[in-house]
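Asks: With the input below, show me the fold.
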Amino acid sequence: MKLNSLIISFLCIATSALCMSSDLDKYEKYKSISRVAPIELTDVTYDDLTSKPRDFHVAVLLTATDARYGCVLCREFQPEWDLIARSWNKGSKSDDLKLLLATLDFSNGKEIFQKLMLQTAPVLLLFPPTVGPFAKVDNAPVRFDFSGPISADQLYTWISRHLPEGSKPPLVRPINYMRIISAITILMGVITLFTVLSPYAMPIIRNRNLWAGFSLIAILLFTSGHMFNHIRKVPYVVGDGKGGISYFAGGFSNQFGMETQIVAAIYAVLSFAAIALSMKVPRMADKKAQQLAVVIWAGVLLCMYSFLLNVFKTKNGGYPFYLPPF
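Replies: Residues are numbered from 1 along each chain as shown. Sure, this is the predicted structure:
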């Protein structure tokens with residue numbers, strides 16, 4: 001009996017060692033297949049790689065990059081997936097942290113897609129170890145569904161969150177030299193163009209009247225409620241219920257698009273009248289023409305300000321003041 005027990009124990013130990021050795025050989029075998037890019041799988045290699053036992057993690061991207069299947073998201077994400085695999089395989093990480101990244105395209109794994117009953121792609125499956133210190137009781141794969149375009153950084157963060165604690169390589173994007181060269185070329189072209197055109201452009205750029213005009217337009221635009229219209233999506237005009245059109249909305253919390261333009265025009269006329277009275281009229285040499293200009297611009301100022309008060313009274317019916325002629 002003792003001899004039989006020793007033989008059985010020896011066989012169990014030997015079997016366990018052989019399984020662990022086989023598992024180790026499987027990890028090294030697939031790791032050596034592709035040391036930088038993701039491992040390309042088929043139906044057979046997928047079953048072999050994800051079979052039990054295993055003491056390593058496996059991340060498999062099930063995708064369909066062939067143009068026949070019309071999966072634009074699959075083709076767009078493939079370079080990001082290659083970046084994740086390259087960063088992981090080439091980066092420094094903990095010795096006991098084992099992860100293999102693989103790709104199963106629909107062209108090479110139709111049986112697996114049918115077995116998993118996948119109707120969409122891409123889909124990422126992360127298989128945890130079944131033996132070893134990081135083995136889980138529930139060793140079913142964790143699934144990541146792509147609801148839309150995502151970056152390599154987002155998926156890499158998700159994978160890292162499901163891996164054990166330990167040193168993990170950072171995600172490193174390659175330097176885009178063409179973009180740098182293009183940016184430098186464009187910058188040099190802009191500098192050259194500015195140098196050539198500066199004798200003609202600088203007088204225009206430094207023109208005080210031009211900047212004053214732009215500033216005045218911006219002030220009139222925003223003080224009249226232009227941003228309010230964009231934020232609230234107000235109507236341009238509405239009917240008054242009597243067959244006519246209402247240009248002004250009652251109350252201070254409402255307004256129409258046409259109302260904004262009318263108020264801006266009032267402000268513009270008042271501004272030009274004030275500028276004319278303060279800057280243009282004093283420079284006139286003819287006294288009679290100067291007196292006439294004062295009367296005209298003062299009349300414009302009075303009428304437009306009276307109209308502005310009338311609009312204000314329309315918005316607020318309880319306002320008691322007004323100016324003639326309105």
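
Asks: contacts and neighbour counts: CA atoms only from here.
Replies: OK.

Asks: Which parts of the stretch 51-200 of the chain are strands?
Replies: For the stretch 51-200 of the chain, the strands defined by DSSP state E, counting those that start in this stretch occupy 57-63, 99-105, 123-127, 142-145.

Asks: Adjacent strands (with direction) for the first one?
Replies: Paired with strand 57-63 in the same sheet, following DSSP bridges, are strand 99-105 (parallel), strand 123-127 (antiparallel).

Asks: ok, residues contacting the shortest one?
Replies: Contacting residues not belonging to strand 123-127 are listed as 50, 57-63, 139-146, 159 [C-alpha atoms under 8 Å, 6 or more residues apart in numbering].

Asks: Among the strands of the stretch 51-200 of the chain, which comes closest to residue 180?
Replies: strand 99-105 (30.7 Å; C-alpha to C-alpha).

Asks: Work out the gap between the closest one and the centre of the chain.
Replies: 28 Å (C-alpha atoms, centre = their mean, to the nearest Å).

Asks: Do me a favour and average the pLDDT over it.
Replies: For strand 99-105, mean pLDDT is 94.

Asks: Can I get that strand in CSV, CA atoms only?
Replies: Taking Å, rounded to 0.1, in the frame of the first residue of the first chain, the C-alpha atoms of strand 99-105 are listed here in CSV:
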residue,chain,number,x,y,z
LEU,A,99,0.8,39.1,-21.0
LEU,A,100,0.4,38.1,-24.6
LEU,A,101,-1.4,40.4,-27.1
ALA,A,102,-2.9,38.7,-30.1
THR,A,103,-5.3,39.5,-33.0
LEU,A,104,-7.9,37.2,-34.5
ASP,A,105,-9.2,38.5,-37.8
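
Asks: quick one: buried residues of it?
Replies: For strand 99-105, the neighbour count (16 or more other C-alpha atoms under 10 Å) marks 99, 100, 101, 102, 103, 104, 105 as buried.

Asks: Quick check: bridge partners of the nearest residue to the third one once chain neighbours are set aside?
Replies: Nearest non-adjacent residue to residue 101, counting by C-alpha to C-alpha, 6 or more residues apart in numbering: residue 59, 4.9 Å away. In this structure, residue 59 has the following beta-bridge partners (DSSP bridges): residue 101, residue 126.

Asks: Now do the contacts for residue 59.
Replies: Shown in contact with residue 59 (C-alpha under 8 Å, 6+ apart): 99, 100, 101, 102, 124, 125, 126, 127.

Asks: redo that, cut-off 7 Å
Replies: Taking C-alpha atoms under 7 Å, 6 or more residues apart in numbering as the criterion, residue 59 is in contact with 100, 101, 102, 124, 125, 126, 127.

Asks: And the furthest pair within those?
Replies: The span of the contacts of residue 59, defined through C-alpha to C-alpha, is set by 100 and 124 at 12.8 Å.

Asks: okay, now the domains of the protein?
Replies: 20-162, 208-315 (the TED database).

Asks: any chance of those in JSON lines, plus distance to residue 170?
Replies: Listed next are those as JSON lines, based on distance: least, C-alpha to C-alpha, whole Å:
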{"stretch": "domain 20-162", "distance to residue 170": "7"}
{"stretch": "domain 208-315", "distance to residue 170": "42"}
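
Asks: Relative to residue 323, which of those is closest?
Replies: domain 208-315 (4.9 Å).

Asks: Give me the mean pLDDT for the closest one.
Replies: Here the average pLDDT along domain 208-315 is 89.
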